[in-house]
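Undergrad: return a 3D structure for these sequence lines:
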Amino acid sequence: MRIKLTAVLLCFMFIVNLPAASLAGRFSGQLEQWDQVLPDTVTVQNQLTALRALQDDETLYIFIEGDGLDKVTPVVYLDTGSTPFGYILPYWGEQNLIDYKIADGSLYCYDGNGFSEDWIEIGRAEVEVNSTAMKIQIPLTALNISVPRPVKTAAFVSGDSLLPEYGQAMLLVEPSLRSAGAARPVEIAVDGDLSDWETLEPLAVSRNASLYGFAADSTLYLAVKGRLSEWNDILLNTDGNKATGHQSWIWPDMGADYLLENGTLFRSTGAGWEWEAVAQIAYAEAGGTQDGVLEMALPLTLLGDPPPAALSLGFAGGDVYLPNQGEPAVEMRTDGEPWAADMAQERAAGQSYKLMTIRDQYKIYTFTSGPGLTTRSTYYLSTSASQPGWTHPAWADAQIHYRVRTGVLEKFSGQSNGAAVWEPIGLVHTELYGRCFDVPRSGPFGHLRTGQLKDRL
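TA: Coordinates of the predicted model:
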């Protein structure tokens, strides 16, 4: 009999064919025996690619990037620290007490015992969404916050599509040093004196220098402080297309359309170091090469008509790069909206899982390793290619007949009101062991073993 096993790890699914046991001697599922079994390996692609958040003295702003966001319903969870009781989710650690969530534009307040799904709708959030981005604005007063304080947030679509990823802490959003929506956070005089920048946080920092910037009143203000070179360049990607303009080796996906170099604005004319001068801009230098200052003001109308609503940028001066080489370029809005680069942010990284399966005449054994595994991870089994069963869009060619969930073997017995009905028929030995930590972003890493009597299928 050919059997397919599907493992669902925090709602992540894949299918493998189960081989018959061919090891020397009797296979009993012991740890050392799994070294002789070839695994199926899969890397989970997170549907969410970036989560950013910022709060000013009145509003919390949340920005989510991903794929197909207009076809799913991302849920945003908030821990405002206002109550000793809250909803507990295991994804981001048990120290979080979630007291609000935003789903489908509605704001909900938690009213349960920590584990129940008891939410009360209390209002609406301002939400804009398309296929690749979702923007959310919520007044702090709606969260019962009168004075800005740190807030933790996370976004969730499914067990393998969430940010921060499993095992990472929720994103901490500190109150901003300046109002995010202010048209002009400070008055700038382009004179080489950066005392008027003191209240602003840098956009990027390296060991030797810092990069500052903001846009206001149709002008992009930029400053660099630290070790400088004879030629100090700021590259600008203004069309959001990494394939156009100068292809920088310093920052991935830059595609620079313009260059600011020592007070002159240049336009890219090719993928190499090919530029044509456009205009002189307000520009000042001060200090020495080790503690120098650059300051400039660029009219955004020089970058296009209409000016770009957003851009990315990076500074290169000698061996100083801001951001550091290999890191993403700084992203910022230039249209007065608060979706700026000084947002707290979290980005996705791929997570890898391994599934090994084997069967003899008595049992089916599985061994799974990867981040986020618990004894509640769900496994689905297809025992016949021709026998009708439960279907799921993720497995278009599979008929699912059984599942193992929280140590219980359940049989698919049909549909009721559009939902699958599963009948418990026995227990399964499930063992979780070997917790350790992998690379820093992988989160808790575990191994899960199960054994199931074949004659129950």
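Undergrad: got the confidence number for residue 254?
TA: Per-residue confidence (pLDDT) for residue 254: 86.
Undergrad: now it: how far from residue 203?
TA: 15 Å (C-beta to C-beta, to the nearest Å). Using the backbone N, CA and C atoms, a C-beta is placed for each residue, glycine as well.
Undergrad: same thing with residue 53?
TA: For residue 53, the distance to residue 203 - C-beta to C-beta - is 17 Å.
Undergrad: ok, now residue 430?
TA: From residue 430 to residue 203 the distance is 49 Å (C-beta to C-beta).
Undergrad: tell me the domain boundaries of this structure?
TA: Under the assignment automatic domain parsing, the domains of the chain span 4-44+350-456, 48-173, 194-339.
Undergrad: in the stretch 201-350 of the chain, where is pLDDT below threshold?
TA: The model of the stretch 201-350 of the chain has pLDDT under 70 over residues 335-350.
Undergrad: please redo it, this time with the cut-off set to 50
TA: Scanning the stretch 201-350 of the chain for pLDDT under 50 picks out 339-341.
Undergrad: and the end-to-end length of stretch 229-238?
TA: 25 Å (C-alpha to C-alpha, to the nearest Å).
Undergrad: what lies in contact with it?
TA: 222, 224, 245-246, 248, 251, 254-262, 289, 294, 303-304, 308, 311-318, 320, 329 (C-beta atoms under 8 Å, 6 or more residues apart in numbering).
Undergrad: just the buried residues of that stretch, please?
TA: Residues 232, 233, 234, 235, 236, 237, 238 are the ones in stretch 229-238 that count as buried (16 or more other C-beta atoms under 10 Å).
Undergrad: farthest-apart pair in those, please.
TA: Farthest apart among the buried residues of stretch 229-238 by C-beta to C-beta are 232 and 238. That separation is 19.4 Å.
Undergrad: about what we covered before: quick one: closest of the domains of the chain to residue 188.
TA: Across these, residue 188 has its closest neighbour in domain 194-339 (5.1 Å, C-beta to C-beta).
Undergrad: now find how far off-centre the host helix or strand of residue 233 is within its chain.
TA: Per DSSP states H and E, residue 233 falls inside strand 232-237. Strand 232-237 has its average C-alpha position 27 Å from the chain's average C-alpha position, going by C-alpha atoms, centre = their mean, to the nearest Å.
Undergrad: same question, stretch 195-211
TA: Chain-centre distance of stretch 195-211: 25 Å, with C-alpha atoms, centre = their mean.
Undergrad: got the end-to-end distance for that stretch?
TA: End-to-end distance of stretch 195-211 (C-alpha to C-alpha): 14 Å.
Undergrad: what's the answer for stretch 252-270, then?
TA: 17 Å.
Undergrad: hang on, the earlier thing: turn the domains of the chain into CSV, columns for distance to residue 187.
TA: Compiled in CSV, the domains of the chain are given as follows (distance: least, C-beta to C-beta, whole Å):
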stretch, distance to residue 187
domain 4-44+350-456, 41
domain 48-173, 19
domain 194-339, 6
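Undergrad: dihedrals phi and psi, the closest residue to residue 279 other than its chain neighbours?
TA: Excluding the flanking residues, the one nearest residue 279 by C-beta to C-beta, 6 or more residues apart in numbering is residue 265, at 5.1 Å. The phi/psi pair for residue 265 (degrees, to the nearest 10) reads phi -100, psi 130.
Undergrad: quick one: buried ones out of the contacts of stretch 229-238?
TA: 222, 224, 245-246, 248, 251, 254-261, 294, 303, 308, 311-317, 320, 329.
Undergrad: okay, now the closest residue to residue 105 other than its chain neighbours: neighbour count?
TA: What sits nearest to residue 105 in space, not counting adjacent residues and going by C-beta to C-beta, 6+ apart, is residue 127, at 4.5 Å. By the criterion of other C-beta atoms under 10 Å, residue 127 has 18 neighbours.
Undergrad: residues touching residue 127, list them.
TA: 102, 105, 134, 135, 136, 137.
Undergrad: tell me what residue 48 is bridged to.
TA: Counting by DSSP bridges, residue 48 is bridged to residue 66.
Undergrad: quick one: pLDDT of it?
TA: Looking at residue 48, its pLDDT reads 87.
Undergrad: my guess is it meets residue 157, correct?
TA: Yes - between residue 48 and residue 157 there is a contact at 6.4 Å, judged by C-beta atoms under 8 Å.
Undergrad: those two: who's more crowded?
TA: More crowded of residue 48 and residue 157, by other C-beta under 10 Å: residue 48, with 26 against 20.
Undergrad: list the contacts for that one?
TA: Residue 48 neighbours (C-beta under 8 Å, 6+ apart): 64, 65, 66, 74, 155, 157, 161, 162, 163, 348.
Undergrad: from residue 54, how far out is it?
TA: Distance from residue 48 to residue 54, counting by C-beta to C-beta: 18 Å.
Undergrad: re the thing from before, parallel or antiparallel, list what pairs with the strand holding residue 233.
TA: strand 258-261 (antiparallel), strand 310-317 (antiparallel).
Undergrad: skipping adjacent residues, who's closest to residue 391 in space?
TA: Residue 391 sits nearest to residue 399 (C-beta to C-beta, 6+ apart), 6.6 Å away.
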